[in-house]
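Visitor: The following block contains a protein sequence and its predicted model.
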Amino acid sequence: GQNIDQPTEMTATEGAIVQINCTYQTSGFNGLFWYQQHAGEAPTFLSYNVLDGLEEKGRFSSFLSRSKGYSYLLLKELQMKDSASYLCAVRDWKGGYQKVTFGTGTKLQVIP
Amino acid sequence: GAVVSQHPSRVICKSGTSVKIECRSLDFQATTMFWYRQFPKQSLMLMATSNEGSKATYEQGVEKDKFLINHASLTLSTLTVTSAHPEDSSFYICSARNGQGDGYTFGSGTRLTVV
């Protein structure tokens, strides 16, 4: 199975930078996703990493180290609307089919 | 592009009745759909993987006779909660690989309340 860990809650200041970490343990690793979810809404896709390194997309960047089972999501120039839960999800291949499993999510509160 | 339509968005049903939730990919074909359940303040828990034209694959602890999944076409998957109980009240959400790189698209979710 999978074990995906991320902090439960974080608080950061508007305009600042915040890093949300995710560690995982799995076999058959085939990619890591970050999603943003506002309360009561469906998750929205932020980023995808399958190779080691940094993927940058505007104010959001995601990093992956497969050997360490580690990823982080970096949010720059924080805005109040960034207050949401951020979900780390890992895809793996088992028995010929793919499965995406989510971590418990990190609730980020952006304060003025 | 890559839209998954899920309905109903909200449903209230009486204990003991059955509820069907539909997820439809509107502009792409989804050979595989994933069904998740999310309890308040918790993350999404994978319930089952729905495969077009074959039986669904259920996660450990999920009763396949209670949560019936049908994926009869490349654009439609349904989840039926049978003999619903108050503890089945939750947010149910589907997702499908959208064919755009490695992206997955989520439906808008269904808030089920069993009274």
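Guide: Perfect, thanks for sending it.

Visitor: The helix or strand bottoming out on mean pLDDT in chain B - contacts with which helices or strands?
Guide: Every helix and strand in chain B was compared by mean pLDDT, DSSP states H and E; the lowest is strand B:104-106, with a mean of 86. Where contact means 3 or more C-beta pairs under 8 Å, 6 or more residues apart in numbering or on different chains; DSSP states H and E, strand B:104-106 is packed against strand A:44-49, strand B:90-97. Where C-beta positions appear, they are placed from N, C-alpha and C, glycine not excepted.

Visitor: excluding its backbone neighbours, what's nearest residue B:26?
Guide: Of all residues beyond its chain neighbours, the one nearest residue B:26 is residue B:3 (4.4 Å), with distances taken as C-beta to C-beta, 6 or more residues apart in numbering or on different chains.

Visitor: That neighbour is in contact with residue B:24, isn't it?
Guide: No. Between residue B:3 and residue B:24 no contact is recorded; they are 9.0 Å apart, counting by C-beta atoms under 8 Å.

Visitor: so which of the helices and strands packed on strand B:104-106 is the most packed in?
Guide: Mean neighbour counts were taken over those using mean count of other C-beta atoms under 10 Å in any protein chain shown, and the top value, a mean of 24, falls to strand B:90-97.

Visitor: so how far is it from its chain's centroid?
Guide: 5 Å (C-alpha atoms, centre = their mean, to the nearest Å).

Visitor: Stretch A:23-37 too?
Guide: The chain centroid and the centroid of stretch A:23-37 are separated by 8 Å, computed with C-alpha atoms, centre = their mean.

Visitor: anything in it near chain B?
Guide: Yes. With C-beta under 8 Å from any C-beta of the partner chain as the criterion, chain B is reached by stretch A:23-37 at A:31, A:33.

Visitor: Show me which positions of that stretch end up buried.
Guide: Within stretch A:23-37, the residues that qualify as buried by neighbour count (16 or more other C-beta atoms under 10 Å in any protein chain shown) are A:23-24, A:26, A:29, A:31-37.
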